[in-house]
Structure formats: C-alpha cells, structure tokens
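[1] just need the structure, nothing else, for what follows:
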Amino acid sequence: MAHTVITIARQYGSGGKTIGRMLSENLGIHFYNREILRLASDESGINEQLFGANDEYVKTNILHKIAKKIHGGEVLPPDSDDFLSTDNLFNYQAKVIRQLAEEESCVIIGRCADYILKDYDNVVRVFIHAPYDFCLEQAMRVNAKSESEMSKLMEKRDKYRGDYYKHYTGQSWYDARNYDLCLDSSKLGFDGCVEAIKAYMAVRGLSIE
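    Okay, here's the model as predicted:
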C-alpha cells in the first residue's frame, strides 16, 4: 500500500511544528514529534526521560567527534558499555523513524529524519524557516519571556539543532541541498506552507493511501 512520509526540520519560532501538525490533520495521517522518544524508549527499554534529556541536543564536549560519529544505523545491545550513550539513544530513535517510514504515512518533526530517510523514495524533506523578527514574534506568543530572553533562547535552540544535525549527519542543518522544499513561513503563512507541501507531493505523484 502506497504511503508518504513528510519530515520537517524547522527554525525555532518559524511555526514548523504547527505546520507539521496542520498537515497531518489535513491529510489524516499521524504526527510524530516527542512521540518518537516514547517509541524509542519502548523499543530499547531505556527510560524515556533519558531520551528527553538529550532530545536534539549534543553536549559541547563531544562535538569534536563530528567526523567520526555520522550515523550508521547500528544499535548497541544492553550488555554494551555504551548502551546508554547519547549516540546509542540517537540510533534507537533512528530505528523507530525507519520503522515508521516503512509502515505508514506520517509527519515527523526534526531529529535528523530527513537524513535518516535519505535513501527512501517515499519521503518529502522540508525545512521551514523565517526572518528573525517573525520567529521572535511567533515565539513570544507562546512563551512568557522578555524579548531579550526570547532572543537568546531562539539562538540557543537553533544552535543546539544545528550542532545535533552536524554531529550525526556530517552536514549543515541550513544547507538547502538536504531538503526537497525550503519554505519561508512568514511569506506563505502556515496554511500556505501546508498547501505548498501538498502541491509538491502531487507533482511527485506521492500518495498517502
């Protein structure tokens, strides 16, 4: 049965998560964000809180290992000394993402899903971005912080996501060549981004049946 997976990477405040949820509701398919952590916990037997503590985040002291840690897909067994390592936590999430891509149509937010599924034909890889002022305005609507605090949080979150992506893929998170679509949510609006993704799917002949 034909199905399609849409992966969405997003700048903080760009509305990428909201767009992903809107798209999933529009298409009638599942939406996966932090649900990936629960599924990876179920798969591995590792406490979900440990996955949450390392979600789209790489500790500064391991960034020098970028060239050596590009994801290869292997998960380590419980008797391994590195079973609870951040790299093995990522590998279990990647395993879940691949399983989902093989089983159903869905929307997956972040977590290097575009790279993990780069060899799959039934995937649409999307990057949602927007200018700083737009992201700041959107972020402040849902966070009780000052403009200065929000600006620092935005910068920190995007740096975390960029470092995480670089560590596990060896590539730049901002590189348009990693995606099928790069959409400016400030120009298209959230509804417009949903329609743009659906139009691209139609041109590709991708189905969710």
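[2] for stretch 87-103, list the C-alpha coordinates in PDB.
    Listed next in PDB are the C-alpha coordinates belonging to stretch 87-103 (Å, rounded to 0.1, in the frame of the first residue of the first chain):
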ATOM      1  CA  ASP A  87      24.900   8.100  20.200                       C
ATOM      2  CA  ASN A  88      23.000   4.900  21.000                       C
ATOM      3  CA  LEU A  89      19.900   6.900  22.100                       C
ATOM      4  CA  PHE A  90      20.000   8.600  18.700                       C
ATOM      5  CA  ASN A  91      20.400   5.200  17.000                       C
ATOM      6  CA  TYR A  92      17.300   3.900  18.700                       C
ATOM      7  CA  GLN A  93      15.300   7.000  17.600                       C
ATOM      8  CA  ALA A  94      16.600   6.400  14.000                       C
ATOM      9  CA  LYS A  95      15.500   2.800  14.100                       C
ATOM     10  CA  VAL A  96      12.000   3.900  15.100                       C
ATOM     11  CA  ILE A  97      11.900   6.600  12.400                       C
ATOM     12  CA  ARG A  98      12.900   4.000   9.700                       C
ATOM     13  CA  GLN A  99      10.200   1.600  11.000                       C
ATOM     14  CA  LEU A 100       7.600   4.300  10.800                       C
ATOM     15  CA  ALA A 101       8.600   5.200   7.200                       C
ATOM     16  CA  GLU A 102       8.200   1.600   6.200                       C
ATOM     17  CA  GLU A 103       4.800   1.100   7.800                       C
END
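[3] surely residue 9 is in a strand?
    Yes: with DSSP: H, G, I helix; E, B strand; the rest coil as the criterion, residue 9 is located in a strand.
[4] residue contacts, residue 8?
    Going by CB atoms under 8 Å, 6 or more residues apart in numbering, residue 8 touches 16, 17, 19, 20, 107, 108, 109, 110, 126, 127, 128. The way it works is simple: take the backbone N, C-alpha and C, and place the C-beta from them, glycine included.
[5] how much space between it and residue 23?
    For residue 8, the distance to residue 23 equals 8 Å [CB to CB, to the nearest Å].
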